[in-house]
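>>> The sequence isn't on hand, but the structure is:
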């Protein structure tokens, strides 16, 4: 086996060859370890309802407007539809009709309007109205 004298020491040429090959590989791997970063990533809902009526009262035969404010925090235009649902489906199917609009929601604050029409023959009722917002 061949040796090289380094100062007062004799070092194997084979060991020096292994070190010469291993050091660049270890340094390259360490460089990539320092170049990798992991960070939290989340996709947030861009639309939020900022203003809507706390209650909704009407009379048989009337058509009432429902004013809603939607904030779009993204720089993207979205399309929104509203799905209206009363907690009494029979009453809804028999006496109530809701708007069926598609709304274009641009970046920033958007005022939209829906409507509800109650048939003249509708009996008085105390119900709950649920409005589902669907972003497309």
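Good, I have the coordinates. Note that the structure is a prediction, hence the values are computed from the model and not measured. Numbers count the residues shown, from 1 in each chain.

>>> Please make it C-alpha for all contacts and neighbour counts, starting now.
OK.

>>> can you point me to the longest helix in the protein?
helix 13-35 (DSSP state H).

>>> Report the distance from that one to the chain centre.
45 Å (Cα atoms, centre = their mean, to the nearest Å).

>>> What of stretch 67-83?
12 Å.

>>> swap in stretch 45-58?
19 Å.

>>> Ok, stretch 58-77 next?
21 Å.

>>> So what touches it?
Here stretch 58-77 makes contact (Cα atoms under 8 Å, 6 or more residues apart in numbering) with 46-53, 104-124.

>>> So among the residues you listed, which ones count as buried?
Listed as buried from the contacts of stretch 58-77 are 47, 105-107, 109-110, 114, 116-119; burial here means 16 or more other Cα atoms under 10 Å.

>>> Which ones among these lie within helices?
Using DSSP H, none of the buried ones among the contacts of stretch 58-77 sit in helices.

>>> Relative to residue 99, which of those residues is nearest.
residue 114 (5.6 Å; Cα to Cα).

>>> Count the residues that sit near the residue lying closest to that closest one once chain neighbours are set aside.
Nearest residue to residue 114 in three dimensions, chain neighbours excluded: residue 66, at 5.0 Å (Cα to Cα, 6 or more residues apart in numbering). Neighbours of residue 66 under the rule other Cα atoms under 10 Å: 14.
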